[in-house]
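Asker: could you work out the structure for the sequence below:
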Amino acid sequence: MTIEAVEDWLDILDKTEFEPDTDASHIYQSYRFASLDIETVTLENYREKLVDSLADQVEMFLPPSGSFETSDLQRYLKLVSTYETSTTDLMLGLSLADQIRLTFSDMKTSTICDRYPDIGLAEKRRYRCVAEYLIRQGELSKLRDENGKLIKKIGNMQKAVVLYRPLPKLLETLKRSGLGHLVKKSQEATLVDSPQAK
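Answerer: Predicted structure coming up:
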């Protein structure tokens, strides 16, 4: 993990403001956060408190490689939990992370712009932020050539945009979250052939 990538996430923490919903009566949340009390997670017990994939994701931010203290860790977890939460029940709405998972469940490489052509610039930034979260979860990857350079295409705003490639874990997460029946029917269970993604 590069220093730049870590700084990007620290920057996101500094620039993101959110208000947790105090009424939890109609909230859908993924299995990663459904039974988690974030206020009890510390640098010492995060391995026991978090599911393995989430613990692996935060580990790079913790000493000795990172500089997070317990308060930073909890703030980060609160931020990413908003990606996995919907303020409506499962019948009426899905978390943003699950929306992206379902959109890419056809296992075809694409861009956020192509998948969501009608959303505004601010929304696209949030979708890309959640896509970065899914990359760290091992559910998406950015398409790269044989030299490790990002493969991009010109998006609908005439800017170069990243191509995202869905990985098998994306389908596993949807099934584990009880959303397997919503997976796009045209998708194949295996990844389509495409340039190497790292």
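Asker: start to end distance for stretch 140-158?
Answerer: Stretch 140-158 stretches 24 Å from its first residue to its last (Cα to Cα, to the nearest Å).
Asker: what average pLDDT does that stretch get?
Answerer: Averaging pLDDT along stretch 140-158 gives 86.
Asker: in it, what counts as buried?
Answerer: 140-144, 151, 155 (16 or more other Cβ atoms under 10 Å). C-betas here are computed from N, CA, C, even on glycine.
Asker: residues contacting that stretch, please?
Answerer: Here stretch 140-158 makes contact (Cβ atoms under 8 Å, 6 or more residues apart in numbering) with 100, 104, 109, 111, 113-114, 117, 121, 131, 134-135, 160-167, 170, 194-198.
Asker: chain center to that stretch, what's the gap?
Answerer: Stretch 140-158 sits 18 Å away from the centroid of its parent chain (Cα atoms, centre = their mean, to the nearest Å).
Asker: what do you get for stretch 38-55?
Answerer: The answer for stretch 38-55 is 18 Å, by Cα atoms, centre = their mean.
Asker: swap in stretch 58-76?
Answerer: Worked out by Cα atoms, centre = their mean, stretch 58-76 lies 18 Å from the chain centre.
Asker: and it, what's buried?
Answerer: Applying 16+ other Cβ under 10 Å to stretch 58-76 flags 58, 61-62, 66, 68, 72-74, 76 as buried.
Asker: go on, stretch 41-53?
Answerer: Buried-residue list, stretch 41-53, by 16+ other Cβ under 10 Å: 41, 46, 49-50.
Asker: show me those residues that map onto helices.
Answerer: 46, 49 (DSSP state H).
Asker: on that earlier part again, check the buried residues of stretch 58-76 and tell me the two furthest apart.
Answerer: The most widely separated members of those, counting by Cβ to Cβ, are Gly66 and Gln74 (14.5 Å).
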